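*Asks:* generate coordinates for the sequence data below:
(chains A and B)
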Amino acid sequence: MLSLQARQLLAASLGLVAFLGLTGFALDRAFAETAETALRQRLENYVWAYIERSELSRSGELILPDVPPDSRFTRIGSGLYAGVKAKDFLWESGSALGRRLPFDQELAPGEIDFSGPIETVHGPIYRYSYGTVWEYGDDKEARFTLHVAEDTLSLQRQIAVFRRSLWVYLGAAALLLLGLQILVMRWSLSPLRRVVADMEQIMDGRVERLPGDYPEELTLLTDSLNEMIDVGREQISRTRNVLADLAHSLKTPLAVMRSELESVQDDAQLRATLKEQTERMGEIVAYQLSRAATTGRQTFATPLVIEPRAEEIVRSLEKVYAGKNILCEFDVDRSARFHGEEGDLMELLGNLLENAFKWARHRVLLTARAMTIAPQRRAGVLITVEDDGPGIPPDKVELLLQRGVRGDERVHGHGIGLAIVLDIVKAHRGELSVERSDELGGARFVVRFSPSL
Amino acid sequence: MRILLVEDEAPLRETLAARLKREGYAVDAAQDGEEGLYQGREVPFDVAVIDLGLPKMSGMELVRQLRAEGKKFPILILTARSSWQDKVEGLKAGADDYLVKPFHVEELLARLNALLRRAAGWSKPSLDCGPISLDLAAQTVSIDGTSVDLTSYEYKVLEYLMLHAGELVSKADLTEHIYQQDFDRDSNVLEVFIGRLRKKLDPEGALKPIETVRGRGYRFAIPRNE
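*Replies:* A predicted model of the protein is given here:
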């Protein structure tokens, strides 16, 4: 992949070449036109000078001046020529001696012709011609056509000089601009280089995250990088915690089994202990697995709509508990949202609802309400799950909520599900309370995530 | 009851199969999804136990395929991962119940009984027809509260007939759903079992619980109490 710098340089060079090329071409054309116009003007002036200084004899003969308007008219092969053409008459300036020039054309009086470059045997020339009529004697008139011509040598020389300096200046300008462009580029790409350097520092472990001061265009990138770094770090520490918890909580049953193995002789007792402890280990593993599935992370992405997830879970549970014939009433705000990951929401709802289905006699009630305090603030949500089962005695509630945070402490009757619910609620800075359901008479679990302030 | 067991872990598959056989199931075991699908297509099962993490074809896909092919027998899925997203997805694919590993075999048996009952349209845990009551969990039969002593094959025949009480059950159905191996269809062993059942359930010949539909099969004739 082409580097950013190379791309910029390539684009800038192409732009410069195109711009300077066009400019040079336009200037060149303009100069050539100007030079040609100047030449025409000069030739015209010579024609007028000749007309001014010439005289017509009484017999109608043209008497040309002894001294020409320019000394080059007398120097042979000077490149500047004059000629007069009339009926049966042709005069050519001294410079045209021995040369064949296209001076035999006759123009009507007042007619002007400027043409060139005309190819002659002596090289290309420009020619200005003017037709005139002079009166003499009694109403007699003599028609003449004056021609002044110059070869293109001087014009070409002028243009060549102009071109040379033009391209020298344009080339210098191009180099200067390119250099400037490179400097500008280095300057504008320097924040990117800084990001790279900062990332290297992070990888070396010298800093924790990218410092905040980057240009606006980069902050989106650096912010996501920072978020990624945070998520990664968080996940590592979570994994580490889960692993440590798992190892720690497996230690106890292992220790029990080992001591029993060493001390107890009675096979039946050993079997009973083994059964009890493997069961406990199974629960620990299941709990830690579920914990690994939850992240407890609050996301700033689009919040999750609770309704469809709740509906899916209720439909699944109705299938599983079809034999119990449970009526699950459902009162979920369409606007109720959960600010977190889908896995967490599913675990939260799934475990609470499964508990309710397990303990209910016939009815389960799920409600979810959005709690809005101001339109710009993140709305909170209140989720309640009630059943018409036996409920939980108030003196056990405290115990239930204190326990179950760690997998090695079993929450009797409510399995590991509630422990996971508690984990998730805590991770999201919510509250979980257990009450008696006014409506159904059984247990009522209330999860409250407050609106953000 | 004929059960399809699809589980890739050999030790678990073998202990489960042995236990299920002891409980009176005719067990067909498969070790991957493709084998499971093949057997599920070919054999008329009453219920299936499918592990979600299978080689060749995932359990989820197997459930989906079986349902897509119109197989209606209840399916219980086993999953090592206990996330709710998995459970919901499995049930949406067409499973009827799930069990998270590790589990107690007793729980699996209870869930299977419940699934079989529900699939046959029974809602209570015991099947009651007139004075005859069959307890699926305890595998006992009683008449007017007095328990009847049945052999395991007699019990299995009665269980199948009572689950489908009121329906015609052919001899082929009975042999296919009850016996482990292919059974000699022409033999009169089944008739012997039916004869013994009739004697034990109805010694006086007053109830006439099992009807013979000549040339076609049997029907449990006492209507369900529900």
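
*Asks:* count of neighbours near the residue in the stretch 1-150 of chain A that chain B sits nearest to?
*Replies:* The minimum distance from the stretch 1-150 of chain A to chain B, using CB to the nearest CB, falls at A:Met1 (38.3 Å). The way it works is simple: take the backbone N, C-alpha and C, and place the C-beta from them, glycine included. The local packing of A:Met1 (other CB atoms under 10 Å in any protein chain shown) involves 5 other residues.

*Asks:* for it, give its distance to B:Ala206.
*Replies:* 92 Å (CB to CB, to the nearest Å).

*Asks:* farthest from the middle of the chain: give me that residue.
*Replies:* Assuming you mean chain A. Distance from the centre of chain A peaks at A:Asp138, with 90.1 Å (CA atoms, centre = their mean).

*Asks:* sorry, I should have been clearer: chain B.
*Replies:* Farthest-from-centroid check, chain B (CA atoms, centre = their mean): B:Glu204, 30.7 Å.

*Asks:* quick one: that one is in a helix?
*Replies:* No - applying DSSP: H, G, I helix; E, B strand; the rest coil, one finds B:Glu204 to be coil, outside a helix.

*Asks:* list phi and psi for it.
*Replies:* Dihedral pair for B:Glu204: phi -90, psi -10, per degrees, to the nearest 10.

*Asks:* B:Tyr218 is in contact with B:Val169, isn't it?
*Replies:* Yes - with contact defined as CB atoms under 8 Å, B:Tyr218 counts as touching B:Val169 (5.5 Å).

*Asks:* out of these two, which sits in the more crowded spot?
*Replies:* Shown here are B:Tyr218 and B:Val169; by other CB under 10 Å, B:Tyr218 has more neighbours (24 against 21).

*Asks:* confirm the more buried one sits in a helix?
*Replies:* No - according to three-state DSSP, B:Tyr218 belongs to no helix; its state is strand.

*Asks:* point me to the residue of chain B nearest chain A.
*Replies:* For chain B, CB to the nearest CB, closest residue to chain A: B:Trp84, 3.4 Å.

*Asks:* so what's the closest residue to that residue other than its chain neighbours up against?
*Replies:* Setting aside the residues directly before and after it, B:Trp84 is nearest to A:Gly350 in space (CB to CB, 6 or more residues apart in numbering or on different chains), at 3.4 Å. A:Gly350 sits next to A:313, A:417, B:84, B:87-88 when contact means CB atoms under 8 Å, 6 or more residues apart in numbering or on different chains.

*Asks:* in the helix or strand encompassing A:Gly350, what counts as buried?
*Replies:* Per DSSP states H and E: A:Gly350 is located in helix A:342-359. Buried residues in helix A:342-359, defined by neighbour count with 16 or more other CB atoms under 10 Å in any protein chain shown: A:343-359.

*Asks:* next: stretch A:49-68.
*Replies:* Result for stretch A:49-68 [16+ other CB under 10 Å]: buried residues A:49-50, A:54, A:56, A:62, A:68.

*Asks:* burial measure for residue 29, as a count.
*Replies:* The chain I'm using is chain A. So A:Arg29, with other CB under 10 Å, has 10 neighbours.

*Asks:* that's the wrong chain, I meant chain B
*Replies:* A count of nearby residues for B:Ala29, using other CB under 10 Å, gives 19.

*Asks:* cool, A:Glu217 as well?
*Replies:* Other residues close to A:Glu217 by other CB under 10 Å number 10.

*Asks:* contacting residues around it?
*Replies:* By CB under 8 Å, 6+ apart, the contact list for A:Glu217 is empty.

*Asks:* close to chain A, is the lengthiest helix in chain B?
*Replies:* For chain B, the helix with the greatest residue count under DSSP state H is helix B:105-119. Yes - under the criterion of CB under 8 Å from any CB of the partner chain, chain A is reached by helix B:105-119 at B:114, B:117-118.

*Asks:* in the chain, which spans are strands?
*Replies:* Went with chain A since none was named. A:55-56, A:62-63, A:80-86, A:89-92, A:112-118, A:125-136, A:140-151, A:304-305, A:327-332, A:337-338, A:363-371, A:380-387, A:431-436, A:443-449 (DSSP state E).

*Asks:* sorry, I should have been clearer: chain B.
*Replies:* Counting by DSSP E, the strands of chain B are B:2-6, B:26-30, B:47-51, B:75-79, B:97-100, B:126-129, B:132-135, B:140-143, B:146-148, B:168-169, B:210-213, B:217-220.

*Asks:* from B:Pro203, how far off is the closest residue to chain B within the stretch 251-400 of chain A?
*Replies:* Nearest residue of the stretch 251-400 of chain A to chain B (CB to the nearest CB) works out as A:Gly350 at 3.4 Å. In this view, A:Gly350 and B:Pro203 are 52 Å apart by CB to CB.

*Asks:* now swap in B:Leu54 and tell me
*Replies:* In this structure, B:Leu54 and B:Pro203 are 50 Å apart, going by CB to CB.

*Asks:* got a pLDDT number for A:Trp167?
*Replies:* A:Trp167 carries a pLDDT score of 90 in this model.
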